[in-house]
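Okay, sequence plus prediction incoming.
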Amino acid sequence: MNSFFAMMSRMKYIDRWALMRNSRQENLSEHSLEVSMIAHALAVIGNTCLSKHLNAEKAAVLGLYHDATEIITGDMPTPIKYYNAQIKHTYKDIEHKASKTLLDMLPEQMQREYEEIFVKKEEDAYLWKLVKAADKLSAYIKCVEEEQAGNREFICAKEMTLNHLRQMELKETELFLNFFIDAYGRNLDELTGGEQ
């Protein structure tokens, strides 16, 4: 049975931020779409502003599937996942096995193509770095939105996430923050110029 896409459709059942009180719940499907769009944007920024030659479409696809293994593993909270080296290593092993399980759900002739997405290759290292940055940017945006909704639960997470983004020292991320992040604190009328 080829159940890969039926499994992918289950992303919508995996809730994120399980340890936090949310004003609006976010699921893995929503998060993956946002990471995909941001990873694409970061690659486009690299190409258009920094004279790089990045495959923006591949960055988008990597972002789309970057957390797909969580359909099997669930979304383990970051403080637990990175608590120590042993837990981090064990979780990476579990993720690897979950990737293999998902790949085995595809017809054999398709598996090699999808392996390019699920198995990190050295030649895609920079794109994966952009996906990681996009993942952090998505988390930062969630914190901004929660704070806008009056939820103080995300204040520390917002600061920590911004610090992680700065520590990544990616020019693409800095430019994304400069170009786009202020708009996330605005309401619909402000975003559209009151044309709704």
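Right, received. Where do you want to start? Numbers count the residues shown, from 1 in each chain.

Find the residue at the geometric middle of the chain.
residue 135 (3.1 Å; C-alpha atoms, centre = their mean).

what packs against the host helix or strand of it?
Applying DSSP states H and E as the criterion places residue 135 in helix 125-148. Of the remaining helices and strands, those touching helix 125-148 by 3 or more C-beta pairs under 8 Å, 6 or more residues apart in numbering; DSSP states H and E are helix 28-49, helix 56-65, helix 155-168, helix 171-180. For the C-beta atoms, the positions are set from N, CA and C on the backbone; glycine is no exception.

The second one to helix 28-49, inter-axis angle?
Between the direction of helix 56-65 and that of helix 28-49, the angle (axes from the mean of the first three to the mean of the last three C-alpha atoms, to 10 degrees) works out to 160 degrees.

Can you give me the buried ones in the helix or strand just after helix 56-65?
Next helix or strand after helix 56-65 toward the C-terminus (DSSP H and E): helix 70-73. By 16 or more other C-beta atoms under 10 Å, the buried positions in helix 70-73 come out as 70, 71, 72.

coming back round to it: now the angle between helix 155-168 and the helix holding residue 135, please.
Going by the same axes, to 10 degrees, helix 125-148 is angled at 160 degrees with respect to helix 155-168.

Can you tell me which of the buried residues of helix 70-73 is closest to residue 184?
Taking C-beta to C-beta as the measure, residue 184 lies nearest residue 70 of the buried residues of helix 70-73, at 24.1 Å.

Okay, that closest one and residue 106: tell me how far apart.
Separation of residue 70 from residue 106 (C-beta to C-beta, to the nearest Å): 18 Å.

same check, this time on residue 12
Distance, residue 12 to residue 106, using C-beta to C-beta: 20 Å.

Which one's more surrounded, the two?
Set residue 12 next to residue 106 and count neighbours by other C-beta atoms under 10 Å: residue 106 wins out with 17 against 13.

Hmm, residue 3 and that one touching each other?
No: with contact defined as C-beta atoms under 8 Å, residue 106 does not reach residue 3; the gap is 9.1 Å.

How about the residue nearest to the centre of the chain, nearest residue that isn't a chain neighbour?
residue 35 (5.3 Å; C-beta to C-beta, 6 or more residues apart in numbering).

Can you report how many residues neighbour the one you found?
Residue 35 sits with 27 neighbouring residues when counted by other C-beta under 10 Å.

Likewise for residue 69?
Neighbour count for residue 69, taken as other C-beta under 10 Å: 19.

One more: residue 157?
Per other C-beta under 10 Å, the neighbour tally for residue 157 reads 19.
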